[in-house]
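Undergrad: coords please:
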Amino acid sequence: MLARVRRQNYAILFCRFLLAAVFLFSGFVKGVDPWGTAIKFGEYFAAFGWGNTGDFTFVLSVLLSAVEMTLGLGLLFGVGLRFTGMCTFLFMTGFTLLTLWIALTDPVADCGCFGDAVKLTNWQTFWKNIVLWPMSAAVWLWARRKRTAAEFGYAEPAAVFVRAFDGVQIGKDEERRRTRWQEIVLLGLFFLLSCGVGGYALLHLPVIDFLPFRVGVNIPQAMQASDEGTTETTLIYRDRLDGSEHEFSLNDTVWYDTVRWEYVDTRIVSKGESGAPAIREFAVFDDREDVTASLLEDPGRVCLLCVTDPVRVRGRCLQGMEQVARRAREEGARVLCVTPTPLEGMSLMRLGSEQVACYNIDATTLKTMLRARTGLVVLEGGVIVEKRNCRDLLSD
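TA: Residues are numbered from 1 along each chain as shown. Next comes the predicted model:
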């Protein structure tokens, strides 16, 4: 009998730690890239017909990652296991049903459950949840029946944290009640710590970059297919006026008007035995010339001031960009502005006492290259050597 109980405890322990690992990983990769999670939320809301939700998607991205990491830490350390187990079960139940609907209707290309770190198809995500859902149910139901650490069959890791407060040992009912508020405090600290991960990445840049335009990448090499062959890229945009979707080639100029056209998806068709390049598109241009090749072939330092909306550049960001432009001019480096906003004849952008040439870039490329509305990307010989949020441009 005792051996069977121990086997059950070990099985539950395995399920608990596996769930903790999945939740921690899922929450962390979302937390270090809240921009990517917000973009995925925007795709979902567009599929649901909810329209533009603005900055609300950023709040949701930070909260979702924080909840996942909090549940993962709670499961790992056994803090408030009954409450944590119940929340994990409800979380898995809701998302299993949601991913079933997504797999059947296919409103988005991938669910984004592991951010840009691991790409899963919608059906792969659903079957992953089918495996984890009964584990979450087992952990919750098992935790509900236990009252003391002795009944759990092992010393809860939470006891380590509780002793740090007042030396209370988990084991007796009355002592368990005395530590309940301490478990609430610990879960609150886990949540605040998790929010800090997403908040830092949102205010600065992701501490770990899973995207193709990360520091150290050679853009010309990354744009080449792995083998011989060609690819045909089709951009899908939604007309904001009537909601209809249209397909464009990279050579089209109609979709440059981001006021009217909203990006939906990119479809790449391989012709031959080639593998898809890591970077599918990188083009910098205006209505007169395409400067992409000159930027990538320049052996010197090239500073790209990335601006989502030139009108919104002000305050500390404006001062930082002015400082970058001044230093680049003094050092003989090349500096220019890139933006997805239609230039409408504007070829120069004034930054305080400085002014720089301004060119267009695809909105999706800019979002992939820099997870910020405004910032800096530095190239040397086509290699990305530095990336900064505009908040970090101004030096003392």
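Undergrad: care to break the protein down by domain?
TA: Domain ranges of the chain: 2-203, 227-271, 292-392, per automatic domain parsing.
Undergrad: so who does Glu262 touch?
TA: 46, 237-238, 240 (CB atoms under 8 Å, 6 or more residues apart in numbering). For every residue, glycine as well, the C-beta is placed using N, CA and C.
Undergrad: hmm, 6 Å instead?
TA: For Glu262, the contact set (CB atoms under 6 Å, 6 or more residues apart in numbering) comprises 238, 240.
Undergrad: now do Pro206
TA: 32-33, 371.
Undergrad: got phi/psi on it?
TA: phi -60, psi 140 (degrees, to the nearest 10).
Undergrad: quick check: it vs Val338, distance?
TA: Counting by CB to CB, to the nearest Å, the gap from Pro206 to Val338 is 20 Å.
Undergrad: which parts of stretch 27-47 are buried?
TA: 27-46 (16 or more other CB atoms under 10 Å).
Undergrad: run through the residues that contact the closest residue to Val207 other than its chain neighbours.
TA: Nearest non-adjacent residue to Val207, counting by CB to CB, 6 or more residues apart in numbering: Val32, 5.4 Å away. Contacts for Val32 (CB under 6 Å, 6+ apart) come out as 201, 206-208.
Undergrad: give me the pLDDT for Cys15.
TA: Per-residue pLDDT puts Cys15 at 92.
Undergrad: same deal with Arg180?
TA: We have a pLDDT of 77 for Arg180.
Undergrad: how about it, what does it touch?
TA: Contacts of Arg180 (CB under 6 Å, 6+ apart): none.
Undergrad: what does stretch 334-348 rub up against?
TA: Under CB under 6 Å, 6+ apart, the answer for stretch 334-348 is 257-258, 284, 302-307, 309-310, 325, 328, 349, 355-359, 361, 363, 366.
Undergrad: buried ones in that stretch?
TA: Neighbour-count burial for stretch 334-348 [16+ other CB under 10 Å]: 334-341, 343.
Undergrad: about what we covered before: helices - which of the contacts of Pro206 land there?
TA: If you go by DSSP state H, these have nothing in helices.
Undergrad: okay if I get the domains of the chain as TSV plus distance to Phe213?
TA: Compiled in TSV, these are given as follows (distance: least, CB to CB, whole Å):
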stretch	distance to Phe213
domain 2-203	11
domain 227-271	15
domain 292-392	4
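Undergrad: confirm that Leu379 sits in a strand.
TA: Yes - under DSSP: H, G, I helix; E, B strand; the rest coil, Leu379 sits within a strand.
Undergrad: can you tell me the SS state at the residue nearest to it when sequence neighbours are not counted?
TA: Counting by CB to CB, 6+ apart, Val302 is the residue found nearest to Leu379 once chain neighbours are left out, at 4.3 Å. Following three-state DSSP, we place Val302 in the strand state.
Undergrad: specify the beta-bridge partners of Val302.
TA: Arg334, Leu379 (DSSP bridges).
Undergrad: roughly how far does it sit from Val383?
TA: Applying CB to CB to Val302 and Val383 gives a distance of 10 Å.
Undergrad: between those two, which has more neighbouring residues?
TA: Neighbour comparison, Val302 and Val383: the larger count goes to Val302, with 21 against 16 (by other CB atoms under 10 Å).
Undergrad: OK, contacts around that one?
TA: 295, 334, 379.
Undergrad: how close does it sit to Glu386?
TA: 11 Å.
Undergrad: hang on, the earlier thing: now, the contacts of stretch 334-348 that are in helices?
TA: 325, 328, 363, 366.
Undergrad: I figured Thr292 hits Glu281, correct?
TA: No - if you go by CB atoms under 6 Å, Thr292 and Glu281 don't touch, sitting 9.9 Å apart.
Undergrad: now the helices for the stretch 151-300 of the chain?
TA: Assigned by DSSP state H, counting those that start in this stretch, the helices in the stretch 151-300 of the chain fall at 158-166, 173-178, 180-203, 219-222, 292-297.
Undergrad: can you tell me which of those helices the model trusts least?
TA: helix 158-166 (a mean of 44).
Undergrad: ok so, going back, for the contacts of Val302, which one is nearest Glu183?
TA: The closest of the contacts of Val302 to Glu183 turns out to be Leu379 (CB to CB; 50.0 Å).
Undergrad: all set, thanks.
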